[in-house]
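J.: test case, fold it:
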Amino acid sequence: MKWSEIPRDAKAYMLYHTIIAPQLIVWILLPLYMMYSGYSVLEVGAFFTAVNIIAIPLTYLLGRAFNKWDIKKGLMVIDALDGIAYVLYGFAKGTIAPIMLFAGRTVEKLSTVLYPLYRAYEQIIYPEDKYKEIFAWHLRLPEISRLITFPILGYIFGYVWNTADHYRLAFLFFGLLSIPTIAYIWFFLPSVRKEERITPEEFTFKVSEFKLLLIFETLLALAWALAPEIVLINYVVFVLHKTIFEVTLIAFATSLASIIATYVSEKIPKEKGFQVIGFGMFLSAVYALVMALSPPFWLALLVYAIGDFGDILWFPFYRSWMFKLIPKERASEFHAAITSYRRLIGLFTPFIAGALASLHATLPYAASLVLFIITGLIFIRLSRPKA
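T.: Predicted coordinates for the structure are as follows:
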């Protein structure tokens, strides 16, 4: 699909994600800042788990609330909460540092509670018959943004402005950036209300397939969640003795692989979707296996790229299939339910990942490998034609 063929509103939404992509470096800066401040990888994992507990009851309730109101307002709230969180991180100094960090992370976690609104908005604003093609662009543009900005920011924060004070100033800067992004949503993204997403009469919700969707998403989420960025940062910075620059080089490699994967996925026929999903899961298992063996930096960079290539390759096929299972008029509610279910199962994964990494830096990847294998075996069984 050519860029000119994409509807204007869909383009505006994709550009929004492209604009905010550089801010995601905060997800690397925060755990690194905490580790530089004296927190162990176990303590960082415990910190993230403690905040996760607070957010659980809010996910489903907020999903229902924004099922009745304009989802666009929810997107603005996400950016506002993220901005407040980053500013709080910027004030995390001295005796009040733990309070500011906990308050900031809690506020940021509240914004993730609203993340199902992204899926709901995409389901509504993207043409139903072009989901796969649209998602190729949806994934590609933010990755291009990260491809350009992450190595630059990584070099700056790794070799130029690399003290705790510099990181706090960066948090304040990225927090204030939420003001123009909120303005962008207000002026350029269309409103989407309940009456605009009524399900066609011929649509029938597939209960059995929805259960399969929950199981499949949960296992994959666990596999990835057991090797979060705190594990990568701990391994690259404190085991391999590199800097945040090298961490962003891995992000650069994964973005490049992801961009290539979006072009490859466009060339694959829709009827090959299940085979593509299986191949992508195989590449994820390869990534986890190699990382479990404590590879040198160059090999870690390579297998992270391979893992993301596989993940992005099958994502459009999977998301297109998933959207066919969910009624549009209850999109935000169902996506919130899915997110709440996954969050409940993976509640303690940051703590578990930190605990495993404290025993051996790459042990979390071994746990991910086991889950990828189990998920793959289940998928093989489920994808077989029924007799």
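
J.: count of neighbours near Tyr33?
T.: Neighbourhood size, Tyr33 [other C-beta atoms under 10 Å]: 23. C-beta: built from backbone N, CA, C; applies to glycine.

J.: so what's Ala50 up against?
T.: Contact analysis of Ala50 by C-beta atoms under 8 Å, 6 or more residues apart in numbering lists Phe102.

J.: tell me the pLDDT of it.
T.: At Ala50, the predicted lDDT confidence score is 88.

J.: what's the first helix or strand after the helix or strand where it lies?
T.: According to DSSP states H and E, Ala50 maps onto helix 41-68. Following helix 41-68 in sequence order, the next helix or strand is helix 71-90 (DSSP H and E).

J.: first to last residue in stretch 27-43, what's the distance?
T.: Distance between the two ends of stretch 27-43: 17 Å, counting by C-alpha to C-alpha, to the nearest Å.

J.: please identify the buried residues of that stretch?
T.: With burial defined by 16 or more other C-beta atoms under 10 Å, the residues of stretch 27-43 counted as buried are 28-35, 39, 41-42.

J.: which pair of those residues spans the longest distance?
T.: Using C-beta to C-beta, the buried residues of stretch 27-43 reach their maximum pairwise distance at Leu29 and Leu42, which is 19.8 Å.

J.: with secondary structure added, can I get the buried residues of stretch 27-43 in CSV?
T.: Shown next, in CSV, are the buried residues of stretch 27-43 (DSSP: H, G, I helix; E, B strand; the rest coil):
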residue, secondary structure
Ile28, helix
Leu29, helix
Leu30, helix
Pro31, helix
Leu32, helix
Tyr33, helix
Met34, helix
Met35, helix
Tyr39, coil
Val41, helix
Leu42, helix
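
J.: from those residues, which is closest to Val51?
T.: Closest to Val51, out of all of the buried residues of stretch 27-43 and judged by C-beta to C-beta, is Leu30, at 11.4 Å.

J.: tell me the contacts of that closest one?
T.: Here Leu30 is in contact with 89, 105, 171 (C-beta under 8 Å, 6+ apart).

J.: what is the nearest of these to Ile6?
T.: Phe171 (34.3 Å).

J.: where does Gly38 land in three-state SS?
T.: Strictly by three-state DSSP, Gly38 counts as coil.

J.: pretty sure Val7 contacts Pro127?
T.: No, residue 7 isn't Val; it's Pro. Yes: under the criterion of C-beta atoms under 8 Å, Pro7 makes contact with Pro127 at 6.6 Å.

J.: lowest mean pLDDT among the helices and strands, pick that one out for the chain.
T.: Lowest by mean pLDDT, DSSP states H and E among the helices and strands of the chain is helix 331-345, with a mean of 65.

J.: what residues are up against Val226?
T.: Not quite, residue 226 is Leu, not Val. By C-beta under 8 Å, 6+ apart, Leu226 lies in contact with 349, 352-353, 356, 364, 367-368, 371.

J.: many thanks, have a good one.
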